[in-house]
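# This is a predicted model, with the sequence first.
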Amino acid sequence: MKNHTMEFIIAGRRQRHHRWLVVTVSLAVLAVALCGAMLLLGNTIYPLSDVIRTLFGAEIQGVSFAVHTIRLPRMLAGFFAGIAFGIAGNIFQTMLRNPLANPNVIGISTGSSAAAVFCIVILHTSEMIVSMASVVAGLATVLFIYLFSKSRTFSIGRIILVGIGMQAMLNALISYFLLISAQQDIPSALRWLTGSLNGVQLHELPLLMISVLIFVPIMVVLGKQLNVLELGEQAATSLGIRTTRTRLLLIVSAVLILALATAITGPIAFVAFLAGPIAKRLVGTGFSTIIPAGLVGANLVLASDLIGQFAFDVRYPVGIITGIIGAPYLICLLIRMNQKGEL
């Protein structure tokens, strides 16, 4: 009897691992295909051979400028920002055990946005200063949310409520900055707030790319502990998890990549909100969804940007397309949570 039970458990685990592997590889292949489409498509569609030769250093008139100046920075920004938004959203949703507990809803992205808008329209600083201010403001927002929600016991609901209040306050601050700013600065700030890959330059990306390459492996290593945290504070502590240290590492890592992505592309709507639930639906239970959530985020950003560029007569920023996709999901989620009595 015991042997049959063990065989059943092992077979189930293998099946879940196989599903995780198939889904992750499929998402990676889709991301590569979308990256290729970002490089090939534009006002002029270039042959794949010319694009590849250009990427390896060949100078081809017209192709080199379009690829290196416009398409490659846009593709890299969409890919790495999508990974950052997807993983950061998944970390917060899993750690706080609530699909509403993503960086957009609890004010972390808004904190980075407020700092960036202040630097753009009031201080007129460089992109580097905007990035630094976004990171510092994102970390400060997390600290304020933690301090204002701190009590004798850890409460997910209290954190979410404080975060929603923080988001409302920061949105009001952003509106004030736009109100007192010079008229010529408002379009660039609004375009940034919408979430856009337009105008991204190659020299802006190394910091985001390096941070993703450094902090994502840290979060993947902590993935098993993150799954245990989902069981609750007491269960995690009884299983030997150092909950405070684990949460701190996960939060700092997630906020850093999120803030750097926000500084470059703006707060692309609903990517952090959608990536985790979609990844969990695709992968199922039993294995970490950190990598699948990052790939889902990258695919959402890249696909939405292609739709915004080529599906309509007018070109729309990527944030508008992700907003159109994400808003109905948020409404359905709120209705479902209300029916279950979770609101």
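Cool, the structure landed. Numbering: from 1, shown residues only.
# how close does Ala77 get to Ala28?
Ala77 is 19 Å from Ala28, where distance means C-beta to C-beta, to the nearest Å. To be clear about C-beta, it is placed using only N, CA and C from the backbone, and glycine gets the same treatment.
# My error: substitute Pro292 in the last question.
Pro292 sits 9 Å away from Ala28, going by C-beta to C-beta.
# for the nearest residue to Leu55 once chain neighbours are set aside, what are its contacts?
Of all residues beyond its chain neighbours, the one nearest Leu55 is Val67 (6.8 Å), with distances taken as C-beta to C-beta, 6 or more residues apart in numbering. Applying C-beta atoms under 8 Å, 6 or more residues apart in numbering to Val67 gives the contacts Leu39, Tyr46, Val51, Thr54, Leu55.
# quick one: which of the residues you listed is nearest Gln183?
Relative to Gln183, the closest of the contacts of Val67 is Leu39; by C-beta to C-beta it sits at 36.4 Å.
# Check what pLDDT Ile251 gets.
pLDDT, Ile251: 85.
# my guess is it meets Val142, correct?
Yes: between Ile251 and Val142 a contact is recorded at 5.9 Å, counting by C-beta atoms under 8 Å.
# Those two: who's more crowded?
The residue with more neighbours, out of Ile251 and Val142, is Val142; 24 against 19, by other C-beta atoms under 10 Å.
# so that one is in which element?
For Val142, the element it lies in under DSSP states H and E is helix 127-149.
# what comes up buried for the helix or strand just after that helix?
Next helix or strand after helix 127-149 toward the C-terminus (DSSP H and E): helix 156-180. Residues of helix 156-180 classed as buried by neighbour count (16 or more other C-beta atoms under 10 Å): Ile156, Ile159, Ile160, Val162, Gly163, Met166, Gln167, Leu170, Leu173, Ile174, Phe177.
# And for stretch 40-49?
For stretch 40-49, the neighbour count (16+ other C-beta under 10 Å) marks Leu40, Tyr46 as buried.
# Start and end of that stretch, how far apart?
End-to-end distance for stretch 40-49: 10 Å, by C-alpha to C-alpha, to the nearest Å.
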